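**Student:** What follows is a predicted structure for the sequence shown.
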Amino acid sequence: MKKYNALLAVIVLALASLACQTLLGGGVEEKQTEIPELNNGGNSDPSTPTVAPVSPEQNNIPPVVNTTDFPVPADAANIIGLGNDVVNFQTKLNLKEAMDFYRDAFGKKGYTERDGLTVTSDTTFSMVFDGHESGKAITVQGVDLGDGTTNISITLVDI
């Protein structure tokens, strides 16, 4: 009797195992779809998609510039300009030194600071200067990046 119970248990387990594989898709070999190569990879099959190269003129990434109409410290790095209205860069000047730099540089150009709009904190500053030939105000904003550098953003805006 024990032999029949043991044999019956083994048969039930084997059938259950086979049933689980069938239900879960085990043991069935699936055919994988091939991925076509880009740019035809030398393949002349017209159904294979192609990707045309993008020239620098076609991309929409703002140009990186090394010059700007705004004064920048001698150590300015990572200068990014968007036309003549916006420039962003990093400098080793601390916040106070950067503010002094722009007060001096813009003062020499005859621009005047709007003292009421100057805001400072331990990690940021914002200043506004009038007198630009466009009639727009110049905003200078600085953020201490915490690694010995300050990020400066200068923008011409209508205020």
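**Tutor:** Cool, the structure landed.
**Student:** Now stretch 113-128 - C-alpha only, PDB.
**Tutor:** The C-alpha coordinates for stretch 113-128 follow below in PDB (Å, rounded to 0.1, in the frame of the first residue of the first chain):
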ATOM      1  CA  GLU A 113      22.500  99.900 -10.200                       C
ATOM      2  CA  ARG A 114      19.000  99.800  -8.900                       C
ATOM      3  CA  ASP A 115      19.800  99.500  -5.300                       C
ATOM      4  CA  GLY A 116      16.200  98.600  -4.300                       C
ATOM      5  CA  LEU A 117      16.400  95.500  -6.500                       C
ATOM      6  CA  THR A 118      19.700  94.200  -5.200                       C
ATOM      7  CA  VAL A 119      19.200  91.000  -3.200                       C
ATOM      8  CA  THR A 120      21.800  88.900  -1.400                       C
ATOM      9  CA  SER A 121      22.000  85.800   0.800                       C
ATOM     10  CA  ASP A 122      24.700  83.400   1.900                       C
ATOM     11  CA  THR A 123      24.500  81.500  -1.400                       C
ATOM     12  CA  THR A 124      23.000  83.900  -4.000                       C
ATOM     13  CA  PHE A 125      22.800  87.400  -5.300                       C
ATOM     14  CA  SER A 126      20.800  89.400  -7.800                       C
ATOM     15  CA  MET A 127      21.500  92.800  -9.200                       C
ATOM     16  CA  VAL A 128      19.800  95.100 -11.800                       C
END
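**Student:** Show me the helices in the chain, by range?
**Tutor:** With helices called from DSSP state H, the chain shows them at 2-24, 95-108.
**Student:** Quickly, which of those bottoms out on average pLDDT?
**Tutor:** Lowest mean pLDDT within those: helix 2-24, a mean of 64.
**Student:** Identify the residues contacting residue 101.
**Tutor:** Neighbouring residues of residue 101 by CB atoms under 8 Å, 6 or more residues apart in numbering: 71, 73, 93. Just so you know, the C-beta spots here come from the backbone N, C-alpha and C atoms, and that holds for glycine as well.
**Student:** List only buried entries from those.
**Tutor:** Buried members of the contacts of residue 101, scored by 16 or more other CB atoms under 10 Å, are 73, 93.
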